[in-house]
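In: Need a 3D model of the following:
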Amino acid sequence: MRGLPLAAWAYVCGVVALAAGLIATSSFAEIDWFVLAVLAVLFLVCDSAPARLNLARARVSMSFAASLASVVLLGPAGAALLGFCAVVTGQRFFAPVKRLFNGAQLALSGFVAGTVFDLLGGDGFDAEQPRWVEGVIGPFLGALVTFVVVNLTLMAGVLLLSRQAAPRELLHESGQLAFGCLGYGMVGLLIAGLWPGVGPFAAVLVLLPLFIARWAMDQAYAQQQAHAATLAALCQAVETKDYYTRGHSERVSRGSVMIATEIGMRADRVEAIRYAGMLHDVGKLGVPTKVLQKNGPMTEEEFAAIQLHPMRGLEIVREIGFLDEALAGIMHHHEKMDGRGYPMGLAGDEIPEFARVIAVADAFDSMTSTRSYRPARSVSDAVAELRRCMGDHFDPVMVEAFLRALERDPWTPPDPVVLPDDDVVETTQQDHDDPSAPLRVAGDPANDPAKDPAGDPAGDGVRPGDGARR
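Out: As a prediction, the model looks like this:
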């Protein structure tokens with residue numbers, strides 16, 4: 001929370017003041033303090049061990065269960081008081097200001113949810129005549145959704161004002177967080193339902209399923225991290241063949257995600273294209289290093305080896321089940337809209353959407369990165385080249401989406417690569433990813449302006465009619 005902008009500080013102070021005012025002006029005459037004490041203990045135990053999600057900075061507190069139980073058992077004021085317990089959370093790594101804000105926003109969420117529960121005709125459980133459907137379940141669901149919406153909205157406010165996240169990024173992450181919050185919140189209904197029969201033991205009974213759920217989410221998180229480590233290892237193996245491509249895969253992945261998000265892809269497809277961007281050049285592992293690092297014109301056989309790298313990439317990763325649609329992006333990211341790409345010569349809408357996205361990000365990063373034979377081009381020059389190649393080389397929809405994304409999230413070109421002093425590193429004078437620096441193939445008139453005055457408008461060293469065809 002250090003270094004917050006003034007607007008963010010004002011927002012935090014406003015949320016804390018509003019929560020304190022609601023608690024100070026509420027009536028606690030009808031609150032069962034024993035119930036509050038038991039739920040407070042459950043709240044603190046659960047809050048000390050949040051569940052991790054497959055998001056960079058997201059965790060879901062299991063204390064949602066206690067908070068939603070308090071909505072039914074204690075009413076708006078009791079739910080607000082319980083939420084404020086987050087100030088003394090077991091997560092000691094939180095700064096005092098962050099703990100105070102968390103307590104305040106949970107207090108507000110509980111109070112508003114409790115009010116909605118009452119307005120919808122919610123009743124506490126009666127051990128003799130429980131009114132499950134009309135008296136509890138319906139109002140509880142309304143209160144649960146309200147609690148989650150208020151909670152995520154208040155959190156989004158401070159993240160936006162502190163410039164820690166962009167609106168589109170928050171929308172994507174909030175959707176995934178909401179499912180975890182709703183799931184843990186439903187356990188609150190179980191606590192409230194058991195309370196009339198077993199009393200405080202209701203809190204104990206739900207601890208086991210709660211921590212089993214947390215364990216399951218941790219396993220999913222660990223599996224996701226293992227996937228990421230596997231992909232990173234593959235990328236590193238590719239990049240050891242050419243020092244000048246260090247970091248290229250990560251940047252293509254980031255650019256692909258920018259485009260995918262801009263055109264409104266579903267969250268699961270955005271995640272898949274992130275993987276595809278990371279692994280788009282994994283097929284280089286099957287291309288001889290001497291071919292990748294060759295300085296002079298290539299023979300037709302060497303050029304054919306380059307053209308086969310997307311297919312080799314597919315062969316390497318096709319058995320990795322979670323890649324799914326990403327495989328099509330890896331296979332076809334060198335196809336061109338006019339059908340002169342490789343490996344299959346697909347054209348237009350025949351090219352998978354993932355491949356059309358990756359092609360733009362791949363070319364842009366290549367042009368804005370330093371190579372052994374030239375310095376990095378400026379972002380403006382690379383943008384101009386993308387525009388020049390729209391329609392023939394790139395899908396205009398993907399190019400325009402990328403340019404819109406760049407306006408919101410400027411691209412920072414990588415620093416020039418420093419070669420190691422203790423080794424002799426061969427570097428190529430060509431780049432098959434750069435549309436403005438074509439590969440040179442021996443005997444190809446496209447490489448000799450005197451023999452081919454028209455040149456190659458797509459900048460790929462392949463004349464019209466060349467390349468594989470179906």
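In: low-scoring stretches of the stretch 51-200 of the chain, by residue?
Out: 51-60, 89-94, 124-135, 165-176 (pLDDT under 70).
In: Would you map the strands across it?
Out: 51-52, 59-60 (DSSP state E, counting those that start in this stretch).
In: which outside residues touch whichever strand or helix holds L327?
Out: Applying DSSP states H and E as the criterion places L327 in helix 326-332. Helix 326-332 has contacts (CB atoms under 8 Å, 6 or more residues apart in numbering) with 256, 272-273, 275-277, 279-280, 282-283, 310-311, 313-314, 317-318, 323, 343-344, 346, 351-352, 354-355, 357-358. All C-beta atoms are positioned from the backbone trio N, CA, C, and that covers glycine.
In: from those residues, which would you call buried?
Out: The neighbour-count test (16 or more other CB atoms under 10 Å) marks 256, 272-273, 275-277, 279-280, 282-283, 310-311, 313-314, 317, 323, 343-344, 346, 351-352, 354-355, 357-358 as buried among the contacts of helix 326-332.
In: can you tell me which of those are in strands?
Out: When these are checked against strands (DSSP state E), there are no matches.
In: pLDDT of the helix or strand containing A8, averaged?
Out: Per DSSP H and E, A8 falls inside helix 6-25. Mean pLDDT, computed over helix 6-25, is 90.
In: list the helices and strands that helix packs on?
Out: Applying 3 or more CB pairs under 8 Å, 6 or more residues apart in numbering; DSSP states H and E, we find helix 6-25 packed against helix 64-83, helix 96-119, helix 138-161.
In: Looking at these, which is nearest to L190?
Out: Nearest to L190 among the helices and strands packed on helix 6-25 is helix 64-83 (8.0 Å), distances taken as CB to CB.
In: how far off helix 6-25 does that closest one point, in degrees?
Out: Taking axes from the mean of the first three to the mean of the last three CA atoms, to 10 degrees, one finds that helix 64-83 is oriented at 80 degrees with respect to helix 6-25.
In: helices or strands up against helix 64-83?
Out: Secondary elements touching helix 64-83 (3+ CB pairs under 8 Å, 6+ apart): helix 6-25, helix 33-47, helix 96-119, helix 138-161, helix 167-198, helix 201-239.
In: So which of the ones you listed has the densest surroundings on average?
Out: Each of those was scored by mean neighbour count; the highest is helix 96-119, a mean of 23, by mean count of other CB atoms under 10 Å.
In: And L120, how far from E262?
Out: 39 Å (CB to CB, to the nearest Å).
In: So for those two, which sits in the more crowded spot?
Out: Applying other CB atoms under 10 Å to L120 and E262 shows that E262 carries more neighbours, namely 21 against 16.
In: what residues are up against the closest residue to the more buried one other than its chain neighbours?
Out: Among residues not flanking E262 along the chain, A401 sits closest, at 4.1 Å (CB to CB, 6 or more residues apart in numbering). Residues in contact with A401 (CB under 8 Å, 6+ apart) are I259, E262, I263.
In: now V187
Out: F64, A65, L68, V206, P209, L210.
In: Distance to V97 added to the residues you listed, as CSV?
Out: What follows is those, written out as CSV (distance: CB to CB, whole Å):
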residue, distance to V97
F64, 22
A65, 26
L68, 26
V206, 31
P209, 34
L210, 28
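In: which of the residues you listed lies closest to G180?
Out: Nearest member of the contacts of V187 to G180, counting by CB to CB, is F64, at 8.5 Å.
In: Tell me, how many residues neighbour that closest one?
Out: Other residues lying near F64 total 28 when counted by other CB under 10 Å.
In: Am I right that it is in contact with G188?
Out: Yes - assessed by CB atoms under 8 Å, F64 is found in contact with G188 at 7.1 Å.
In: what's the burial count for P410?
Out: With other CB under 10 Å as criterion, P410 counts 8.
In: Need the per-residue pLDDT for it.
Out: pLDDT at P410 comes out at 85.
In: Could you do L39 as well?
Out: With respect to pLDDT, L39 has a value of 90.
In: same thing with E350?
Out: Looking at E350, the pLDDT reads 93.
In: same deal with A401?
Out: Value for A401, per-residue pLDDT: 95.
In: any idea which of the contacts of A401 is the one closest to G78?
Out: Nearest to G78 among the contacts of A401, with distances taken as CB to CB, is E262, at 45.1 Å.
In: So that closest one sits against L403, correct?
Out: No - counting by CB under 8 Å, E262 stays clear of L403, with 9.3 Å between them.
In: sec struct for the residue nearest to I351 when sequence neighbours are not counted, please.
Out: Leaving aside its chain neighbours, I351 sits nearest to E335 (4.5 Å; criterion: CB to CB, 6+ apart). At E335 the chain is in coil, as set by DSSP: H, G, I helix; E, B strand; the rest coil.
In: and E335, what does it touch?
Out: Contacts of E335 (CB under 8 Å, 6+ apart): G341, Y342, M344, G345, L346, A347, E350, I351, A355, A359.
In: try 10 Å this time
Out: By CB atoms under 10 Å, 6 or more residues apart in numbering, E335 lies in contact with 310, 341-348, 350-352, 355-356, 359, 393, 467-468.
In: H248 and P414 touch, don't they?
Out: Yes - the pair H248 / P414 is scored as a contact, 8.3 Å apart, by CB atoms under 10 Å.
In: Give me the more crowded residue out of these two.
Out: H248 (21 against 15).
In: any idea how far A328 is from the more buried one?
Out: 20 Å.
In: what do you get for L106?
Out: In terms of CB to CB, L106 sits 44 Å off from A328.
In: swap in R371?
Out: Counting by CB to CB, the gap from R371 to A328 is 28 Å.
In: same check, this time on A69
Out: From A69 to A328 the distance is 47 Å (CB to CB).
In: out of the two, which sits in the busier spot?
Out: The residue with more neighbours, out of A69 and A328, is A69; 31 against 19, by other CB under 10 Å.
In: these two touch, right, the more buried one and V206?
Out: Yes - the pair A69 and V206 qualifies as a contact (CB under 10 Å) at a distance of 8.7 Å.
In: Mind listing the shared neighbours of the two?
Out: L42, V187, G188, L190, I191, L194.
In: G247 - nearest residue in space that isn't next to it in sequence?
Out: P414 (5.5 Å).
In: Look at the one you found and give its secondary structure.
Out: coil.
In: Turn the helices and strands packed on helix 64-83 into TSV, including distance to L82.
Out: Output for the helices and strands packed on helix 64-83, formatted as TSV (distance: least, CB to CB, whole Å):
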stretch	distance to L82
helix 6-25	11
helix 33-47	6
helix 96-119	6
helix 138-161	12
helix 167-198	11
helix 201-239	12
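In: Which stretch among these approaches C85 most closely?
Out: Of these, nearest to C85 by CB to CB is helix 33-47, at 5.2 Å.
In: Spit out the contact partners of the closest residue in space to V16 that isn't next to it in sequence.
Out: Leaving out its chain neighbours, the residue that sits closest to V16 by CB to CB, 6+ apart is A104, at 4.3 Å. Counting by CB under 10 Å, 6+ apart, A104 touches 12-20, 22-23, 80, 83-84, 86-87, 154.
In: Right, I'll leave it there.
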